[in-house]
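Chemist: Compute the structure for the input listed below.
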Amino acid sequence: KNKKKTFTLLNCLDSRQVSPAGKSSTVSLNWSLGDVGLEEISSSTGRRRRSEEPSHLSRHSLFTRWVRLQQQVSPLTTSNTPVVTYCASKMAAGCYQRTLQQFTSALQSAGLGKWSRKPSKCSNFTVGE
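Modeler: Residues are numbered from 1 along each chain as shown. The predicted structure is shown next:
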């Protein structure tokens, strides 16, 4: 029998090319629909490599947009608005948590290792910090 080898693609790399756990690149390329071009980010700082500005896809930037969206959908007076951290907001998002669990399980099942996570201290911030 002739068996063909199949490789799972992850970020345009097949499983033979995936870096070993704990060995990440120093550069990240970000792009989203509507962007003019790629955003080149230093993996160690999370800032744009040429200008040192924060990425528009950073945790802080995305969380700021999320809080603004929540305020537009369900406006509350400032005194009634609870101070919620990025981490607490993610933990409260049931659909997100279920999807994350499915994703991380799929990575492990495919032999692609564990999803690397940042330390929890990186997630304990509120908008305005």
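Chemist: Quick check: G37 vs L29, distance?
Modeler: Shown here: G37 relative to L29, a distance of 10 Å by Cβ to Cβ, to the nearest Å. C-beta here means a position set from N, CA and C on the backbone, and glycine is covered the same way.
Chemist: More neighbours: which of the two?
Modeler: L29 (11 against 7; other Cβ atoms under 10 Å).
Chemist: and the helix or strand harbouring V67, average pLDDT?
Modeler: Using DSSP states H and E, V67 sits in helix 59-73. Across helix 59-73, pLDDT averages out at 87.
Chemist: residues of it that come out buried?
Modeler: Judged by neighbour count (16 or more other Cβ atoms under 10 Å), helix 59-73 contains these buried residues: 59-60, 63, 66-67.
Chemist: for S89, what are its contacts?
Modeler: Listed by Cβ atoms under 8 Å, 6 or more residues apart in numbering, the contact set of S89 reads 63, 66.
Chemist: All further residue positions should be reported with the first residue as 759.
Modeler: I'll keep to 759 as the first residue from here, and by that count the last item is S847.
Chemist: Name the helix or strand of the protein that has the lowest mean pLDDT.
Modeler: Using mean pLDDT, DSSP states H and E, the weakest-scoring helix or strand in the chain turns out to be strand 767-768, at a mean of 45.
Chemist: Can you tell me the closest non-neighbouring residue to the most centrally placed residue in the chain?
Modeler: Geometric centre of the chain, nearest residue: R817, 7.1 Å, by Cα atoms, centre = their mean. Nearest residue to R817, sequence neighbours excluded (Cβ to Cβ, 6 or more residues apart in numbering): Y844, at 5.9 Å.
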